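Undergrad: Quick one: sequence plus predicted model below, questions after.
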Amino acid sequence: MKRLWLLTLLVWTGAVQAHIASNGFVVAEVKGQEISGSVELAVRDVELAVGVDTNHDGKVTWGEVRANAPQLLQYIGQHLLLSAQDSACVLNLGALQINERVDGSYVWLPFTAHCPAAVQRLSIHYSMMDDIDPSHRGLLTLTAGQVTQSGVLGGPSARTAFSVYSPSKWRTFVEYLQAGIWHIWSGIDHLLFLLSLLLPAVLIRRHQHWEPVTAVRPALFSILKVVTAFTLAHSITLTLAALNVVRLPSRLTESVIAASIIVAAVNNIFPVVTDSRARIAFAFGLLHGFGFASVLADMGLPSGARLLSLVAFNLGIETGQLAVVLAVMPIAYAVRASLVYRRAVLPWGSAAIAAVALVWLVQRALPPIV
Amino acid sequence: MAAAHLKSGSRPRSVWGRLLYTLLLVSALMSDAWSAPYIPSSDSQVLALLPAGARHSSVASRELTRTRLDIALPLTQFYISRARATGDLRFLGYAEAILAPWMSRPDVPAQMLVLHATILQSRHLFNASLTELDRALAMTPYDAQAWLTRATVLRVLGRYADANDSCQHLAASADPGITTLCIQSLRGLTGQLPNAYAVITALPQQALPPEARAWRYSELGEMAERLGDDPAAERWLREGLALAPDDFYMRAACADVLLREGRAAETLQLLAGYESMEPMLLRIAIAHRMLHDAAGAATQALLSSAFTVEQQRGDAVHRREQARFLLDVSWQPTAALTAAQENWRVQREPDDLLILLRAGQAAHEPKAAQPARDFINQQRLQDMRLTPYQAGP
């Protein structure tokens, strides 16, 4: 009787789900006519494709990969073809490196490609491993402007086309400006902090009492100092954080932001710092900048226009902030002399602000209860 | 006064400075944990160990597999066997590469169709697999392997009557012991569990051809699990593993028995060395979770990334595992239910029923698992593991 060699496959359906199938990784970023990125192939797949285990000992060493680099580069060059609107781009592969992934070592190659025209529709012909392992696929991460898309390359249809949408600089600017304004208006904590510092700006502390300022000039000057200090401070940290120079855990920044509101508000009730509130604005403004940055991190900075969008977002914050100051402070100035403002609005308003901020502080600082 | 203000203003700032510095350091350390491409420092650094059969072959030898059936057939079988023995999906790809030129020929040999069906089955493309098997059986009606594979596929699809029909066809060409196993295992799913269990238990090991002996243990283990006799299940599965240590199905089933009994440490012992296989890794992650140990996070991250890659590829192979991962490891009942429902559309084994019922309950949507309950009633499927969920909403 014929031996049923496959017999044990009968109960195999649960077990075949093993290992990771063969994948290549392509990361590409489009900027006008230029494409840059990297391509990765598993060392095991590299052996099958070009044969790098020269001494046939079943081990692929870095030396063997290096020695066979020309063949490998040629293979990749033949099996990864990029074109913009159906005109071929010229691919340049960089120096070999190694990348460790969950399922083993991969050969990692940076590349650049120059296309005959600005890329609008990127076609990728990916035929790596197609005659050796038809189940191999290339996993693509494609970025253009602030849009990142992923795709699967190879398989029955080796050629895949991606439309590359890259919004104009002006659109990006407006989008981030709006985001900045919207954030300062919806993120009421920043405004409460600023207001706590500005409420006493129309007053002056004398003999343990609040007295109204006598002229516009000192009030204006005081407001200007606080707003400028706050703006300067949060711009610094926002920039540092957005460019990934400094990173703080969000729980910490959010908690300190809440604490800063309490400090500023309580300072209005039991004044400690009266003539240099700008210092408080600056010191805590640094932390508020990290808070703004976390929003920006969620949105992501478009790689083509990082600085532009960062500036736009910051300008948006200043615009939103300025609008609130312009709406509130003239009123505060007008009613500064009234007893209601000095004895009720300032202390009780500040107390209310401090109470709200205290709730935030508890919520933000304590770990979530599961 | 002014000096005092200045002082009180400057002190907190130096504290801030210190705090900022500390946090900067911490975040810098954390970001270094991510790996990046690098240039190995030594030429002798080994980057990969090549498994047997995964070597570069010359154009000439590849040409031979296109023209010579007597070379292509055993090589394909070899690759499928390697995939089975190692759980390495790449071997299935190598087998497919050899089959591809043959499949486009008008006179494709029946044996090639059966092999293709096997690959399709293991990629969970069950209907495509059945099509190939029917094509093969139209050419060679007494191909025992084709009938057996057909019975398997139909069984996974929950089409027990059709599967039984395929088992009956085996009688004409296969060993009687194999035919008995095929038929009794189906009876065990359709209302005759205790009797089928007794028949297979009584089937002497010597009466079976060597390649079917592990299968018997695997069926017995599964049946004992469904009967609610976990100690017996463990005994059968461990005996089976002694005979066929590479049988991943039995190893996974044995791990499930241990996990059900809360024996997490023993589970880790059983699965040590099998971490590269996702179904094993899943059970390792569940065990880590039961033990609350630190290694769990890494395992969880590994599985997560594997599922993400699969999803990006569009492979549906691991839905059952993914559903169980979402339910038992990362505790996302709603997502688990979605995965279990998608899995149910593809396959209907008792484990698929179990995960759908469990996910439905965990997500507080027991109605979503009604198809599973209907299936159980229709088939009169007996499974003690399913009983707690059978009552329905």
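TA: Great, that's in hand.

Undergrad: all strands of chain A, in order?
TA: For chain A, the strands defined by DSSP state E cover A:23-31, A:34-42, A:59-61, A:80-84, A:87-88, A:90-93, A:97-101, A:104-114, A:121-126, A:137-144, A:147-153, A:159-163, A:203-206, A:209-212.

Undergrad: What pairs with the fifth one, parallel or antiparallel?
TA: Right, the one you point to is strand A:87-88. strand A:80-84 (antiparallel) (DSSP bridges).

Undergrad: quick one on the thing from earlier: could you dump the strands of chain A to CSV with distance to B:R358, mean pLDDT and mean neighbour count?
TA: Any C-beta I mention is one placed from the backbone N, CA and C, and that applies to glycine too. Formatted as CSV, these follow (distance: least, C-beta to C-beta, whole Å; pLDDT from 0 to 100; neighbours: other C-beta atoms under 10 Å in any protein chain shown):
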stretch, distance to B:R358, mean pLDDT, mean neighbour count
strand A:23-31, 31, 92, 21
strand A:34-42, 36, 95, 22
strand A:59-61, 43, 94, 20
strand A:80-84, 44, 94, 21
strand A:87-88, 53, 93, 12
strand A:90-93, 49, 96, 14
strand A:97-101, 32, 88, 16
strand A:104-114, 34, 94, 20
strand A:121-126, 40, 93, 20
strand A:137-144, 31, 90, 22
strand A:147-153, 31, 84, 16
strand A:159-163, 38, 85, 15
strand A:203-206, 65, 81, 15
strand A:209-212, 65, 82, 14
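
Undergrad: Neighbours of residue 262, how many?
TA: Because you didn't say which chain, this covers chain A. Here the number of neighbours of A:I262 (other C-beta atoms under 10 Å in any protein chain shown) works out to 20.

Undergrad: You answered for a different chain; I wanted chain B.
TA: Here the number of neighbours of B:G262 (other C-beta under 10 Å) works out to 11.

Undergrad: and the stretch 151-300 of chain B, which residues reach chain A?
TA: B:151-152, B:156, B:174-175, B:178, B:182, B:209, B:211-212, B:214-215, B:218-219, B:244, B:247-250, B:252-253, B:276-280 (C-beta under 8 Å from any C-beta of the partner chain).

Undergrad: which ones among those are found in helices?
TA: B:151-152, B:156, B:178, B:182, B:211-212, B:214-215, B:218-219, B:248-250, B:252-253, B:278-280 (DSSP state H).

Undergrad: From A:P271, how far off is the residue positioned nearest the centre of chain A?
TA: By C-alpha atoms, centre = their mean, chain A has its centre lying nearest to A:A297, at 2.9 Å. Between A:A297 and A:P271 the computed distance is 37 Å (C-beta to C-beta, to the nearest Å).

Undergrad: for B:A340, same thing?
TA: 62 Å.

Undergrad: Comparing those two, which shows the higher neighbour count?
TA: B:A340 (31 against 14).

Undergrad: wait, doesn't that one sit right on B:L353?
TA: No - the criterion here is C-beta atoms under 8 Å, and B:A340 misses it with B:L353 at 9.6 Å.

Undergrad: Would you map the helices across the stretch 201-350 of chain B?
TA: With DSSP state H, counting those that start in this stretch, the ranges of helices along the stretch 201-350 of chain B come out as B:210-227, B:230-243, B:248-260, B:264-271, B:278-291, B:295-313, B:319-328, B:333-346, B:350-362.

Undergrad: which residues sit in contact with the residue lying closest to A:T253 once chain neighbours are set aside?
TA: Nearest non-adjacent residue to A:T253, counting by C-beta to C-beta, 6 or more residues apart in numbering or on different chains: A:F290, 4.1 Å away. Residues counted as contacts of A:F290 (C-beta atoms under 8 Å, 6 or more residues apart in numbering or on different chains) are A:237-238, A:241, A:246, A:248, A:250, A:253.

Undergrad: Can you say which of these are buried?
TA: Neighbour counting by 16 or more other C-beta atoms under 10 Å in any protein chain shown classes A:237-238, A:241, A:246, A:248, A:253 among the contacts of A:F290 as buried.

Undergrad: want to throw those residues into JSON lines with pLDDT?
TA: Shown next, in JSON lines, are the buried ones among the contacts of A:F290 (pLDDT from 0 to 100):
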{"residue": "A:T237", "pLDDT": "90"}
{"residue": "A:L238", "pLDDT": "88"}
{"residue": "A:A241", "pLDDT": "85"}
{"residue": "A:V246", "pLDDT": "79"}
{"residue": "A:L248", "pLDDT": "78"}
{"residue": "A:T253", "pLDDT": "83"}
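
Undergrad: will you turn these into JSON lines that also has distance to A:V328?
TA: Listed next are the buried ones among the contacts of A:F290 as JSON lines, based on distance: C-beta to C-beta, whole Å:
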{"residue": "A:T237", "distance to A:V328": "25"}
{"residue": "A:L238", "distance to A:V328": "23"}
{"residue": "A:A241", "distance to A:V328": "28"}
{"residue": "A:V246", "distance to A:V328": "32"}
{"residue": "A:L248", "distance to A:V328": "30"}
{"residue": "A:T253", "distance to A:V328": "25"}
